[in-house]
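Asks: Sequence and predicted structure below; questions after.
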Amino acid sequence: MCFQSFKRLKVENFCEHLMDNNTYITFHILPFSSNTINKPLIAGIFSAIYLIAITLNSLVIALICLDVHQHSPMYLFFCNLSVIDICYTTVIIPKLLHILLSGNGLISFTQCFTQMFFFFTGVGVEDILFFIMGFDRYVAICYPLSYHRILNKKTCDLIVVVIWISAFLNSSLFTTFLLKMPFNEVVTIHNIFCDAVDVVYASGGGSGDFYNLFFFELVLFGFFPLFCNFLSYIGIIRVILSIKSKEGRRKTFSACLSHLIVMIIFYFSCSMDNMMPFSDHTVITKQILSVFYTTVVPMVNPLIYSLRNSKILKALQRLLRITLKISYVFMM
C-alpha cells in the first residue's frame, strides 16, 4: 500500500515537472520581415494559395474516387499525394494567416510540437510516395506486361498503409527526441512555421546527437528515395532510347514527365533549405524556400498532374457534364 502510494506520488511529481518545464517555454514565429505594411498583402497571397491548393487537391481526390476508370495503382498514389498536400497546407497556412493578420507570433509549446509532428509526417509520406511513384513508372515502362501482376490492388493497398505507418512512427520518434532537448524560455523562429532545425538552432544550436539523427533522417527519407528514383529513371531512359519511333519515345517520356517535374521542384527547394547555413543573410532566402516546398508545391502538384493527364481531364469533363445535367433538371 505504501509502495503504491509512493509510486503514484513519484509519477505525479514527474508529470508536474514536465508540465512546469513546458509551461515556461514560448515559441515566437517571425515570418518574413517586421514590416507590418506588407502583411495584409502577404496574408491575401497565402489565403489564395490555400484556397487553390485545397480546391484542386480535393477535386483530384473526388475525380479519382468517383470515376472507376481511375482505380489503377498510379491514381491511388495520386490520391494519396493530394491528401498529404492538403494536410501540408492545413498544418501551416491557417496558423501563418493568424500570425500575419493579428501580429501575434506567439505559439505554445504544444502547438509548436503538434505542428512539427504533422509536418514531419507529411514530409515522410511525400518522400516515400515520390519513390513509389517513380517505381510505378519504372515498372509500367520497363515491364509493361507484368505491371498489374507486380502492382496489383492488394500490393498497392499494403504499400500505402506501410507508407503512412512508417511516416507516423518516424515522426513520433523524431518529435519525442526533440522533446527531451533543453530549450530557452523564449525561442524566436525566423520561419513561417515551427521547423525543427530552426527551433534547435534558436535554442543554442543543438547537440551532436540531434545532428546525427537529422543526418540519418536526410539519408533515409531524402537521399535514399532520390537515389532510387535516379536508378529508376536510368532504366526508363534506356527503354526510351531503344524505341525506334520518335512519337513512341515522346509518348513514353510524357508518361513520367509529370512525376519528374514535381520531384525535381520538391527535392531542389527542400534540399537547398536544409543545406543552406544559418546567417542573417540567408534568413529570407530560407523562408522563401520553405514557402516554396510547403505551400506552393502542394498547390501546383495537382495542376501539373492534371494538365498532363488525359484520363483525369476526361474524368473532369464527365463530372462537369453530369453536374450540368443535374443543374438543368433542377432548374426545370
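Replies: Yep, that arrived.
Asks: same question for whichever strand or helix holds Leu169, mean pLDDT?
Replies: Assigned by DSSP states H and E, Leu169 falls within helix 153-179. Taken as a whole, helix 153-179 carries a mean pLDDT of 90.
Asks: And stretch 302-319, by the same measure?
Replies: 70.
Asks: which helix in the protein runs the most residues?
Replies: helix 109-142 (DSSP state H).
Asks: and Pro298, how many neighbours?
Replies: 30 (other Cβ atoms under 10 Å). The way it works is simple: take the backbone N, C-alpha and C, and place the C-beta from them, glycine included.
Asks: residues contacting it?
Replies: By Cβ atoms under 8 Å, 6 or more residues apart in numbering, the contact list for Pro298 reads Ala53, Asn57, Asp85, Ile86, Tyr88, Thr89.
Asks: now do 10 Å
Replies: Shown in contact with Pro298 (Cβ atoms under 10 Å, 6 or more residues apart in numbering): 49-50, 52-54, 56-57, 81-82, 84-90, 92-93, 122, 126, 266.
Asks: repeat for Ile49
Replies: Ile49 sits next to Thr89, Ile93, Val291, Thr295, Val296, Pro298, Met299, Val300 when contact means Cβ under 10 Å, 6+ apart.
Asks: got it, and Ser72?
Replies: Ile64, Phe78, Asp136, Ala140, Tyr147, His148, Leu151, Lys153, Cys156, Lys311.
Asks: Going toward the C-terminus from the helix or strand hosting Ala53, what's the next helix or strand?
Replies: Element membership for Ala53 (DSSP H and E) is helix 39-66. Next helix or strand after helix 39-66 toward the C-terminus (DSSP H and E): helix 73-102.
Asks: how about the strands in the stretch 151-300 of the chain?
Replies: For the stretch 151-300 of the chain, the strands defined by DSSP state E, counting those that start in this stretch cover 186-189.
Asks: where are the low-confidence patches of it?
Replies: 204-208, 277-281 (pLDDT under 70).
Asks: Let me see the ranges of the helices in it.
Replies: For the stretch 151-300 of the chain, applying DSSP state H, counting those that start in this stretch gives helices covering 153-179, 196-202, 208-218, 224-242, 246-275, 283-291, 297-307.
Asks: Check the offset of the second one from the chain's centre.
Replies: Centroid separation for helix 196-202 versus its chain: 19 Å, with Cα atoms, centre = their mean, to the nearest Å.
Asks: Contacts made by that helix with the rest, please.
Replies: So helix 196-202 is contacted by 27-29, 112-113, 116, 119-120, 174-175, 177-178, 181, 183-184, 186-192, 195, 206-207, 210-211, 213-214, 217, 273-274, 278, 283, 286-287, 290 (Cβ under 10 Å, 6+ apart).
Asks: which residues sit in contact with Tyr50?
Replies: So Tyr50 contacts Ile86, Thr89, Thr90, Ile92, Ile93, Pro94, Leu96, Leu97, Thr295, Pro298, Met299 (Cβ under 10 Å, 6+ apart).
Asks: Whichever of these end up buried, select them in ChimeraX.
Replies: Buried residues within these, by 16 or more other Cβ atoms under 10 Å, are selected in ChimeraX with:
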select :86,89,90,92,93,96,97,295,298,299
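Asks: Could you export the contacts of Tyr50 to a markdown table, including columns for distance to Phe221?
Replies: Shown next, in a markdown table, are these (distance: Cβ to Cβ, whole Å):
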| residue | distance to Phe221 |
| --- | --- |
| Ile86 | 20 |
| Thr89 | 20 |
| Thr90 | 21 |
| Ile92 | 19 |
| Ile93 | 23 |
| Pro94 | 25 |
| Leu96 | 24 |
| Leu97 | 28 |
| Thr295 | 20 |
| Pro298 | 17 |
| Met299 | 22 |
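Asks: So which of the contacts of Tyr50 is the closest to Phe131?
Replies: The closest of those to Phe131 turns out to be Pro298 (Cβ to Cβ; 18.0 Å).
Asks: Setting aside sequence neighbours, what's the nearest residue to that closest one?
Replies: Leaving aside its chain neighbours, Pro298 sits nearest to Asp85 (3.4 Å; criterion: Cβ to Cβ, 6 or more residues apart in numbering).
Asks: next one: Leu289
Replies: Asp273 (3.9 Å).
Asks: hang on, the one you found packs against Thr294?
Replies: Yes: the criterion here is Cβ atoms under 10 Å, and Asp273 meets it with Thr294 at 9.4 Å.
Asks: Mutual contacts of these two, please.
Replies: Joint contacts of Asp273 and Thr294 (Cβ under 10 Å, 6+ apart) are Asn191, Asp195.
Asks: Compare neighbour counts for the two and give me the winner.
Replies: Neighbour totals were compared for Asp273 and Thr294, and Thr294 leads with 26 against 22 (other Cβ under 10 Å).
Asks: so the more buried one touches Ile288, yeah?
Replies: No: checked against Cβ under 10 Å, the pair Thr294 and Ile288 is beyond contact range at 11.1 Å.
Asks: anything in contact with each of these two?
Replies: In contact with both Thr294 and Ile288: Ile192, Ser269, Asp273, using Cβ under 10 Å, 6+ apart.
Asks: And Pro94, how far from Val60?
Replies: 21 Å (Cβ to Cβ, to the nearest Å).
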